[in-house]
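[1] The following block contains a protein sequence and its predicted model.
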Amino acid sequence: VHVAESGGGLAQPGGSLRLSCATSAFTLDYYAIGWFRQAPGKEREVVACIVSTDGGSFYADSVRDRFTISKDNAKNTVYLQMNRLKPADTAVYYCAARGGWGATCAATRMDSWGEGTLVTVSS
């Protein structure tokens, strides 16, 4: 499956951005779709994930209650709504997919990756 991110940019602290991940999936239900991020000098980390089959989601502690992952099955697109942004959220954000019923997100297990979109949070 092919995935491609869009929607990054510059935001002020406390502001919002929405990232989009367009996929070529026939059905999103078969794929776990995750948002990951990598800041300079740091390892890539999972931010949020929609698991396959039941569409449940989970979040990194650092973004819970601020970020929301959602999907539009009709558009085969997954979104990441980011609110109350902090400078620590500055990173390249990647969308990734992993096929399989019951699949979840893990940085070393994803099948497809986008090229990333830069999010900068600064005043």
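    Everything's here; your move.
[2] The residue most central in space within the chain bridge partners, please.
    Centroid-nearest residue in the chain: Trp35, 2.0 Å away (criterion: CA atoms, centre = their mean). Per DSSP bridges, the residues bridged to Trp35 are Ala48, Cys95.
[3] Contacts only, for it.
    Residues in contact with Trp35 (CB atoms under 8 Å, 6 or more residues apart in numbering) are 19, 21, 46-49, 69, 78, 80, 93-95. Bear in mind the C-beta positions are built from the backbone N, C-alpha and C, glycine included.
[4] what's the distance between Asn76 and Cys21?
    To Cys21, Asn76 is 9 Å away according to CB to CB, to the nearest Å.
[5] These two - which one has more neighbours?
    Cys21 (26 against 19; other CB atoms under 10 Å).
[6] Identify the residue nearest that one in space, chain neighbours excluded?
    Once flanking residues are discounted, Cys21 sits nearest to Cys95: 3.5 Å by CB to CB, 6 or more residues apart in numbering.
[7] What count of nearby residues applies to the one you found?
    For Cys95, the neighbour count with other CB under 10 Å is 28.
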